[in-house]
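1. 3D model of this:
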Amino acid sequence: MCGIAGIVGKIPSETVLKRIQRTMRRRGPDQDGIWIGEGAALLHDRLAVIDMEGGRQPMRRTVGERDYIMVYNGELYNTQELRTALQKLGYGFDTQSDTEVVLTAYLEWGEACLDVLNGIYAFGIWDMHKKTLFFARDRIGVKPLFFTSENRQFMFASEIKTLLAHPDVTAQIDRNSIAELLLVGPGRTPGYGVFCGIQEVPAGWCGTYSEARGVELHPYWQLTDREHTDSTEETVEKVRELVQDAVTRQLVSDVPLCTFLSGGLDSSIISAIAAAQYRTQGRQLDTVSVTYRDNAKYFHSSHFQPNSDDSYIDLMNASIGANNHLIVIDTPQLIQALFEAVEARDLPGMADVDASLLLFCREIKQIGTVALSGECADEIFGGYPWYRDADIRRKAGFPWAQSTAYRASFLRDELRKQIDPEAYVDEKYRQTIAQVGTEGIHNADDRRIREMTRLNFGWFMQTLLDGRATEIRLFFPVDVDGIRGDIHPVNEQCCRLPFAVSIQTIEIHS
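-> Reported below is the predicted structural model:
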């Protein structure tokens with residue numbers, strides 16, 4: 001996990017640039033850099049995972065008479081294949097970093113490089129000759145990328161708080177912001193940055209910025225619906241191959257690596273594949289698990305978690321021969337972490353989940369810098385009750401948010417009339433399910449399952465990734481007037497959550 005930022009247009013003083021950069025410090029504690037050129041400045045804070053020295057940024061490459069500068073936050077899982085392909089085209093490489101491969105791929109293929117990148121990323125590349133910025137975000141939206149564009153000035157960053165550190169970016173919210181926070185939160189309309197004038201590059205989108213043309217955004221990839229024609233045997237083999245390939249590719253690291261192990265299907269599969277790979281190298285895998293003080297006394301079964309993890313953790317760890325580290329979290333820690341988790345996200349989020357994961361990852365840092373996790377497996381493989389329970393599945397609306405009336409009760413009457421909560425949520429819901437294709441749908445249940453997949457992919461999965469890959473601090477007045485109707489500017493800033501998550505990988509730093 002790294003922090004990136006860039007400004008095109010009027011460049012503020014070095015003092016301001018350093019203040020902006022400080023907001024990214026906890027994203028990248030290992031190295032930092034600032035490049036200032038004519039009409040642009042790029043900033044980077046790095047958590048080093050591959051090629052500790054060679055991967056320093058901002059990174060510069062020259063082709064003929066043209067110079068390109070790049071800041072990049074990500075992990076590329078087909079680095080070696082692309083490096084080999086580019087070498088055959090005549091390119092040389094000075095480092096082992098994936099950053100140099102991504103930049104070189106852009107120099108060769110332009111925007112089409114996104115078609116061949118296998119990884120998670122957010123980056124910006126400044127063309128010094130054309131005075132044009134190209135930026136992109138990975139297909140699933142693991143790596144965050146926000147931007148603002150006003151008064152012929154463009155700024156992008158990994159974090160909202162980094163944008164707010166610029167003196168020309170004001171922290172204000174309006175009634176649409178309140179609707180997002182209160183009615184559809186912790187989800188967020190794709191591309192919406194909540195603060196006025198701030199947007200997020202949607203997952204699978206890229207764009208350019210120049211003074212002459214302004215911001216131009218478009219999707220380069222999107223989820224498509226097709227009829228499933230494989231047999232059960234073919235499906236099993238294909239899924240096995242994809243999962244094994246994804247896990248194996250992500251075991252490459254120059255720093256200590258471990259895996260989450262809850263005893264559930266996703267973390268157990270990932271840990272088993274990783275442990276087997278490590279055994280071929282004569283190494284033992286470290287796994288990390290979490291429990292809570294007096295968990296046996298207070299645990300209650302639910303739709304989401306019918307059983308406690310402990311016995312399954314022991315069974316799996318014994319089976320794969322890993323070195324397990326059990327982390328125990330106590331109640332007072334959780335209470336304090338609730339506040340820190342909101343600060344970490346940069347927006348109100350999934351309070352108890354975020355707080356637990358924050359504490360968990362702080363302890364994991366003592367074991368490894370990179371951890372593989374099964375995050376978002378439930379969205380992809382149908383693990384939630386609304387996939388399995390027909391009654392829950394058939395209810396219209398976002399299945400995880402069936403409480404619009406209750407949420408709306410916190411609004412003042414005049415603001416409720418301006419927003420129309422039920423209509424607001426229903427519109428977001430219907431816009432999402434309208435994206436579902438009809439190919440291969442044979443009955444109403446087929447369509448509903450596909451709608452559930454689309455809802456989870458576009459909203460719930462993004463919420464989980466956002467809570468682990470980003471953070472911000474959102475301040476309302478003590479009397480919560482911002483929620484009840486009197487909207488106030490938000491001016492405070494803070495530092496960021498000490499971890500980032502992808503669908504399979506979590507990078508952790510102090």
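2. Please make it C-alpha for all contacts and neighbour counts, starting now.
-> Will do.
3. does the residue lying closest to residue 195 once chain neighbours are set aside sit in a helix, a strand or a coil?
-> Nearest non-adjacent residue to residue 195, counting by CA to CA, 6 or more residues apart in numbering: residue 173, 5.0 Å away. Look at residue 173: counting by DSSP: H, G, I helix; E, B strand; the rest coil, its state is coil.
4. and residue 173, how many neighbours does it have?
-> By other CA atoms under 10 Å, 17 other residues sit near residue 173.
5. cool, and the one 5 residues further on?
-> Per other CA under 10 Å, the neighbour tally for residue 178 reads 22.
6. domains for this protein, by residue range?
-> 3-219, 245-378+495-508 (automatic domain parsing).
7. about what we covered before: check the residue nearest to residue 195 and give its pLDDT.
-> Residue 173 carries a pLDDT value of 92.
8. Show me the residue sitting in the middle of this structure in space.
-> Nearest residue to the geometric centre of the chain (CA atoms, centre = their mean): residue 142, 3.1 Å.
9. Just to check, that one is in contact with residue 463?
-> No: assessed by CA atoms under 8 Å, residue 142 is found out of contact with residue 463, at 10.3 Å.
10. of all the domains of the chain, which lies closest to residue 438?
-> domain 3-219 (21.2 Å; CA to CA).
11. end-to-end on that closest one?
-> With CA to CA, to the nearest Å as the measure, domain 3-219 spans 23 Å from end to end.
12. Could you do stretch 194-213 as well?
-> OK, stretch 194-213 end separation, CA to CA: 25 Å.
13. Kindly report the same for stretch 4-22.
-> End-to-end distance of stretch 4-22 (CA to CA): 11 Å.
14. Can you mark which positions in that stretch are buried?
-> Residues of stretch 4-22 classed as buried by neighbour count (16 or more other CA atoms under 10 Å): 4-9, 11, 17, 20-22.
15. From the chain's centroid, how far away is the biggest helix by length in the chain?
-> Criterion DSSP state H: the longest helix present in the chain is helix 232-249. Relative to its chain's centre, helix 232-249 lies at 23 Å (CA atoms, centre = their mean, to the nearest Å).
16. circling back to that earlier point, the residue nearest to residue 195 contacts residue 198, doesn't it?
-> No: the pair residue 173 / residue 198 is not scored as a contact, 10.1 Å apart, by CA under 8 Å.
17. Quick check: the two most widely separated of the buried residues of stretch 4-22?
-> Those two in the buried residues of stretch 4-22 that are separated most widely, counting by CA to CA, are 9 and 22, at 20.9 Å.
18. Give me the helices and strands touching the top strand by length along the chain, please.
-> Selection of the longest strand in the chain by residue count, based on DSSP state E, yields strand 66-76. In terms of contacts (3 or more CA pairs under 8 Å, 6 or more residues apart in numbering; DSSP states H and E), strand 66-76 is packed against strand 3-8, strand 40-46, strand 59-63, helix 98-109, strand 119-127.
19. Return the most buried member of the ones you listed.
-> Of those, the one with the most neighbours on average (mean count of other CA atoms under 10 Å) is strand 3-8, at a mean of 28.
20. State the next helix or strand along the chain beyond it.
-> Sequence-wise, the next helix or strand downstream of strand 3-8 (DSSP states H and E) is helix 14-22.
21. So what touches that next one?
-> 5, 43-45, 162-163, 165-166 (CA atoms under 8 Å, 6 or more residues apart in numbering).
22. Then stretch 87-96?
-> Contacts of stretch 87-96 (CA under 8 Å, 6+ apart): 50-51, 54-55, 100, 104.
23. Any idea how far stretch 57-66 is from the middle of the chain?
-> On CA atoms, centre = their mean, the centre of stretch 57-66 falls 28 Å from that of its chain.
24. residue ranges with poor pLDDT in the stretch 401-510 of the chain?
-> Residue ranges of the stretch 401-510 of the chain with pLDDT under 70: 467-510.
25. Show me where it has its helices.
-> Taking DSSP state H, counting those that start in this stretch to define them, one finds helices in the stretch 401-510 of the chain at 404-408, 413-419, 421-433, 444-455, 461-469, 481-484.
26. May I see those helices arranged in CSV, with mean neighbour count as well?
-> Listed next are the helices of the stretch 401-510 of the chain as CSV, based on neighbours: other CA atoms under 10 Å:
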stretch, mean neighbour count
helix 404-408, 15
helix 413-419, 14
helix 421-433, 15
helix 444-455, 18
helix 461-469, 24
helix 481-484, 18
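27. These: which one's closest to residue 291?
-> The nearest among the helices of the stretch 401-510 of the chain, by CA to CA, is helix 461-469 at 19.2 Å.
28. rewinding a little: so which of the buried residues of stretch 4-22 comes closest to residue 113?
-> Among the buried residues of stretch 4-22, and counting by CA to CA, the member closest to residue 113 is residue 4, at 19.9 Å.
29. give the contact list for the closest residue to that closest one other than its chain neighbours.
-> Excluding the flanking residues, the one nearest residue 4 by CA to CA, 6+ apart is residue 44, at 4.7 Å. Shown in contact with residue 44 (CA under 8 Å, 6+ apart): 2-5, 21, 28, 32-34, 57-58, 71-72.
30. mind checking pLDDT for residue 44?
-> Looking at residue 44, the pLDDT reads 93.
31. The one 5 residues further on now?
-> pLDDT, residue 49: 75.
32. my guess is it meets residue 252, correct?
-> No: Residue 49 lies out of contact with residue 252 (CA under 8 Å); the separation is 9.1 Å.
33. Looking at those two, which is more packed in?
-> In this view residue 49 and residue 252 are compared by other CA under 10 Å, and residue 49 has more residues nearby, 20 against 13.
34. residues in contact with the more buried one?
-> With contact set as CA under 8 Å, 6+ apart, residue 49 has these partners: 253-255, 369-370.
35. How much space separates it from residue 245?
-> Taking CA to CA, one finds residue 49 at 20 Å from residue 245.
36. Reformat the buried residues of stretch 4-22 as a markdown table; add pLDDT.
-> Shown next, in a markdown table, are those (pLDDT from 0 to 100):
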| residue | pLDDT |
| --- | --- |
| 4 | 96 |
| 5 | 96 |
| 6 | 97 |
| 7 | 97 |
| 8 | 97 |
| 9 | 95 |
| 11 | 95 |
| 17 | 95 |
| 20 | 93 |
| 21 | 92 |
| 22 | 91 |
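37. In terms of distance to residue 82, which of these ranks first?
-> Of the buried residues of stretch 4-22, the one sitting nearest to residue 82 (CA to CA) turns out to be residue 4, at 23.2 Å.
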